[in-house]
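Visitor: need the 3D shape of this:
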Amino acid sequence: VQLQASGGGLVQPGGSLRLSCSASGFSLDDYSIGWFRQAPGKEREGISCIRFSDGSTFYKESVKGRFTVSRDTSKNTVYLQMTDLKPEDTAIYYCNAHKYGTTLQYWGQGTQVTVSS
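Guide: Next comes the predicted model:
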C-alpha cells in the first residue's frame, strides 16, 4: 500500500506545474484525496481536496482560480494542476488519502515546489 506524490520542481513566477498523486495497493474509490503543503517555518495547510468517487472538489481561497484538482479513475491517480504560481506557493506538497467514515489515511512522501526567478 503506497501513496506517491510527484511532479514538483523549480518554476518561475507565473509558471505552471502539475502534481500527481498515485495510489498502489488499494483503490481510491472510497477515499477523499487532499493536497497539503508546508512552507519553511510554517504549519502544514490543506489547500484542496477531491472526492474520488464523484469528483467533487474543494479549494482554499488562496489557490482558488489558480489550482485545479482532478482525478483519473483508470489510473487511480489524482492531479493538482497549478497555474500562475507565486513565490508564496513555494513549499513541500503532500497528498493524503482519507477513507470515508473511518480514521484510515495514507500520506504521500511529499514533493518540493519552488517558485523563484
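
Visitor: for stretch 56-63, how far is the first residue from the last?
Guide: In stretch 56-63, first residue to last residue: 16 Å (Cα to Cα, to the nearest Å).

Visitor: identify the residues contacting that stretch?
Guide: With contacts defined as Cβ atoms under 8 Å, 6 or more residues apart in numbering, stretch 56-63 is touched by 45-51, 67, 69, 82, 89. C-beta coordinates here come from the backbone N, C-alpha and C atoms, glycine included.

Visitor: list the buried ones in it?
Guide: Going by neighbour count (16 or more other Cβ atoms under 10 Å), the buried part of stretch 56-63 is 59, 63.

Visitor: what mean pLDDT does it have?
Guide: The average pLDDT for stretch 56-63 rounds to 97.

Visitor: spatially central, which residue of this structure would that be?
Guide: Nearest residue to the geometric centre of the chain (Cα atoms, centre = their mean): Trp35, 3.1 Å.

Visitor: what's across from that residue in the sheet?
Guide: Here Trp35 sits in beta bridges with Ser48, Cys95, as judged by DSSP bridges.

Visitor: ditto for Met82
Guide: Beta-bridge partners, per DSSP bridges, of Met82: Leu17, Phe67.

Visitor: residues contacting Val113?
Guide: Shown in contact with Val113 (Cβ under 8 Å, 6+ apart): 8-9, 11, 17, 19, 37, 82, 85, 89-93.
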